[in-house]
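> just coords:
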């Protein structure tokens, strides 16, 4: 029997990471979010900050656009190297046992490899803007612009490595609006589907 894994993809500020942690806690299974970055850093030798930033850039962004030419010419680059490590770690975690994995294209990586519930968390701009100011103290630019920039980078990264549209309902088993449903209720719904 395959292990039951939940992947959570999310718009920035929608509470996806918080929901993932709540789901894992309620189900008594591990949640891999920052822990995933630590594992990738340990295996790759790159810093966690570098990996976090590289995971949000794709063609058009300064990191991967510099790497794209090398990648297409058949020579592996840092982005390709990190993708391979990330792919292997996520696959190993899913094979190891039930867990929640937040972000990092886990929905795509595990599409055929695990009994996987793929979830996408979203919310309207006002809910997310208020949340990032409250939770993260985001103030250096307008919260709305910060949200648009982060979402644009996440979508480009996801499209580059998966050739799938990030956030498109057809690519997930479940999409939830945390702004209208609430973070705790989203976690309850996911747990209900898992059990």
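Good, I have the coordinates. Worth saying up front: this structure is predicted, and the values here are computed from it rather than measured.
> So which helix or strand of this structure has the lowest pLDDT on average?
Least confident helix or strand of the chain, by mean pLDDT, DSSP states H and E, is helix 62-72 with a mean of 40.
> list the buried ones in the next helix or strand after it?
Elements were assigned by DSSP states H and E; along the chain past helix 62-72, the next helix or strand is helix 78-96. For helix 78-96, a neighbour-count test (16 or more other Cβ atoms under 10 Å) marks 78, 79, 80, 82, 83, 85, 86, 87, 89, 90, 93, 94 as buried. Backbone N, C-alpha and C define where each C-beta goes, glycine included.
> Any stretches of this protein with poor pLDDT?
Along the chain, segments meeting pLDDT under 70 span 1-3, 54-76, 114, 138-140.
> Can you pull up the most central residue in it?
residue 103 (1.2 Å; Cα atoms, centre = their mean).
> what sits against it?
Listed by Cβ atoms under 8 Å, 6 or more residues apart in numbering, the contact set of residue 103 reads 8, 9, 10, 16, 17, 33, 36, 55, 154.
> out of these, who's nearest residue 27?
Set against residue 27, the nearest of the contacts of residue 103 by Cβ to Cβ is residue 8 (12.8 Å).
> those strands in the chain, which residues are they?
4-10, 31-32, 99-102, 115-122, 174-177 (DSSP state E).
> Dump those to TSV, plus distance to residue 129 and mean neighbour count.
What follows is those, written out as TSV (distance: least, Cβ to Cβ, whole Å; neighbours: other Cβ atoms under 10 Å):
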stretch	distance to residue 129	mean neighbour count
strand 4-10	15	26
strand 31-32	25	23
strand 99-102	21	26
strand 115-122	14	21
strand 174-177	15	18
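> Next, format these as a markdown table and append distance to residue 130.
Output for the strands of the chain, formatted as a markdown table (distance: least, Cβ to Cβ, whole Å):
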| stretch | distance to residue 130 |
| --- | --- |
| strand 4-10 | 16 |
| strand 31-32 | 24 |
| strand 99-102 | 21 |
| strand 115-122 | 15 |
| strand 174-177 | 15 |
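> Which one, of the ones you listed, ends up nearest to residue 144?
Closest of those to residue 144 is strand 115-122, at 15.1 Å (criterion: Cβ to Cβ).
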